[in-house]
Structures are given as structure tokens and as C-alpha cells.
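structural data only, the sequence is not supplied:
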């Protein structure tokens with residue numbers, strides 16, 4: 001097994017694992033933008049991140065899945081740091097998918113170098129479920145995650161095993177603690193502002209952080225419902241990208257994941273879209289009581305117009 005950290009003096013390792021849809025991106029952006037200030041205070045937030053605008057630590061996923069990956073010991077300031085903060089909400093999202101042994105493997109890689117503590121942020125069930133549902137509907141399919149790109153109503157989505165296990169917060173906390181064999185500090189999304197969470201992770205009160213906007217907040221319930229119904233008809237990944245592109249054009253959404261998928265659409269994929277699939281889209285108050293019919297119909301109409309404009313080119 002490849003060791004993650006080089007031997008040196010003991011450090012405190014704070015591993016923030018989410019949950020998803022609990023402000024993780026705002027937290028990560030604040031850490032990343034303030035990493036020079038933090039480093040001068042002995043706190044290392046590794047610069048090896050997914051993207052500068054999405055500065056989560058994807059290398060921890062290699063550690064949990066493969067037992068090897070990026071050597072954080074090569075980070076500038078590593079030796080002098082007494083505290084290291086790592087963050088990736090996929091660690092909770094994929095916790096049960098990874099399984100007990102892989103999560104323990106990650107814990108051992110971290111604990112071999114320092115004292116490990118897990119940080120989790122939980123959110124009120126109804127609000128978290130709706131936000132997570134919207135993200136899952138918009139997402140493309142992912143192996144091992146049957147709830148992604150689903151076409152289920154919210155009530156049925158809630159009963160899927162991966163969703164139920166994340167919703168059982170008491171059991172989840174116990175399982176995380178047992179897998180990582182480390183204390184778990186739980187924060188409440190509704191009660192603890194990002195600044196307070198930052199102070200807990202760093203033990204540095206008084207630092208001025210640049211807190212950016214939260215991501216993924218601008219897709220309406222009506223747009224999600226349109227995509228949910230399209231998901232039932234989508235046959236290929238290329239088609240998913242193409243409908244995502246048209247949906248962005250039709251409703252002006254600024255959702256990060258939706259825009260990423262839309263950016264993968266190709267001219268061939270767009271021209272191959274079948275307008276007849278829009279004829280099957282129907283608003284149903286019983287299935288989606290929170291969606292306004294006029295907004296739903298306006299988005300469907302916008303999709304028709306966008307598709308017709310493509311066909312005319």
C-alpha cells in the first residue's frame with residue numbers, strides 16, 4: 001500500500017466529507033482562496049484541487065479507491081504545517097459505494113501520519129432531499145449510482161437504497177465513525193454559518209475569508225421536472241448532453257453541472273434530437289405539486305423553439 005504522507009512530526013488531519021448539497025463548494029473556495037494566509041498560520045489546504053473554481057480534493061478519491069495517489073508531502077509548507085484540511089463531499093456521497101474496507105484504507109493512510117478527525121455537515125431532511133434530488137435528475141448516469149439521471153418522482157426517489165442510507169443520519173454517523181475509526185464532528189447546515197465551519201477546521205478565529213456564491217442554485221423546479229421526464233426517454237449519453245444544452249438555452253439556467261453537460265453537446269448530437277419526445281412531456285399536479293404549470297409549459301415551448309432553430313440551420 002502506497003503511503004500518503006511522509007513521516008514527520010504528528011499533525012492534525014481534518015477530513016471534511018460533506019454531505020453533498022450542504023455548502024461544500026463555498027467552504028472549499030474559501031479555503032483555497034485563503035490558503036496562503038492559512039499556511040502562514042500552520043494550516044495546509046493542499047493546492048492540488050479538481051479545478052480552481054471547484055477546489056475540492058479529488059486526489060482523496062484515488063486514495064480511497066486505489067490506495068495510492070498524489071503525495072501531499074510534496075506540497076509547499078507541508079513540513080511546517082501542524083494542521084491539514086482535506087475536503088471532498090464525494091467521500092460521503094460514495095461512502096457506502098466504497099465500502100468498509102476502502103474507507104478504512106483511506107483512514108489508515110491518513111492516520112499513519114497524524115491524528116484524524118472527520119467533519120460532516122448535515123441538513124434538514126426535506127430540504128436536503130429536494131436539493132439532492134434535483135442534482136441527481138440533472139446528472140448524467142454514473143456506474144453504481146442508480147439514482148443519477150433518474151426519471152422517478154421525488155417520493156419514489158426517496159425510497160432508493162443509496163438515498164435512504166444517506167437520509168438515515170444517525171446510522172450514517174455511526175457507520176462513518178466505525179469505518180474511519182475516528183471522531184466525527186457533526187455540524188448543522190441551518191445552524192452553522194460557513195465562517196464558523198472554517199474556524200472549526202482551522203482553529204484560527206479572526207481570519208478574513210472571501211466567501212463566494214454558492215453553486216447549483218439556479219435551476220427551477222419546473223426545469224428539473226422537464227429533465228426528469230426527458231430522462232425516461234434518453235437513450236445515450238450524447239443525447240443527455242444535447243437535451244442539457246437545449247434546456248440551458250430554453251431557461252437560461254446557470255447550474256454548474258447542467259452547464260458542464262451542456263458544454264459536451266456536439267453538433268451531430270443536437271441535430272439527432274427527436275422533437276416527438278417533447279410531445280410526451282406533461283405537467284401533473286399530483287406528481288409534482290410544487291411545479292407551476294405555466295412555467296413548465298413555457299420551458300417545453302422554449303425547447304421546441306430551440307430545436308426548430310437547430311433543424312432550420
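Happy to help now that I have it. What you see is a predicted model; the values in this text were computed from it and never measured. Residues are numbered from 1 along each chain as shown.

pLDDT weak spots in the stretch 151-300 of the chain?
Filtered on pLDDT under 70, the stretch 151-300 of the chain yields the residue ranges 211-218.

would you map the helices across it?
Assigned by DSSP state H, counting those that start in this stretch, the stretch 151-300 of the chain shows helices spanning 154-158, 161-167, 169-180, 194-202, 221-231, 237-251, 256-262, 267-271, 293-312.

now those helices in TSV, with mean neighbour count?
(Each C-beta comes from the backbone N, C-alpha and C, glycine too.) Formatted as TSV, the helices of the stretch 151-300 of the chain follow (neighbours: other C-beta atoms under 10 Å):
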stretch	mean neighbour count
helix 154-158	15
helix 161-167	16
helix 169-180	16
helix 194-202	19
helix 221-231	23
helix 237-251	21
helix 256-262	19
helix 267-271	14
helix 293-312	15
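
for residue 116, which of these is the nearest?
Nearest to residue 116, of all these, is helix 169-180, at 6.6 Å by C-beta to C-beta.

domain assignment for this structure?
11-202, 221-312 (automatic domain parsing).

please enumerate the strands of the stretch 1-150 of the chain.
Under the criterion DSSP state E, counting those that start in this stretch, strands of the stretch 1-150 of the chain are mapped to 11-16, 43-44, 83-87, 114-122.

buried stuff in the first one?
Yep, that's strand 11-16 we're talking about. 11, 13, 14, 15, 16 (16 or more other C-beta atoms under 10 Å).

let me know the closest of those to residue 263.
Residue 263 lies nearest to residue 16 out of these, by C-beta to C-beta, at 28.0 Å.

quick one, what contacts the closest one?
Counting by C-beta atoms under 8 Å, 6 or more residues apart in numbering, residue 16 touches 24, 27, 85, 86, 87, 88, 89, 119, 120, 121, 201.

any idea what it is bridged to?
residue 87, residue 119 (DSSP bridges).

confidence score at the closest residue to residue 224 other than its chain neighbours?
Spatially, and ignoring its direct neighbours in sequence, residue 224 is nearest to residue 134 (4.8 Å; C-beta to C-beta, 6 or more residues apart in numbering). As predicted, residue 134 sits at a pLDDT of 94.

what residues are up against residue 134?
219, 221, 224.

and it, how far from residue 257?
From residue 134 over to residue 257 the distance is 10 Å, taken as C-beta to C-beta, to the nearest Å.

then residue 57?
Taking C-beta to C-beta, one finds residue 57 at 19 Å from residue 257.

next: residue 197.
Counting by C-beta to C-beta - residue 197 and residue 257 are separated by 23 Å.

now do residue 204
32 Å.

picking up where we left off before, and the strands of the stretch 1-150 of the chain as a markdown table, adding mean pLDDT?
Formatted as a markdown table, those follow (pLDDT from 0 to 100):
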| stretch | mean pLDDT |
| --- | --- |
| strand 11-16 | 97 |
| strand 43-44 | 97 |
| strand 83-87 | 98 |
| strand 114-122 | 97 |
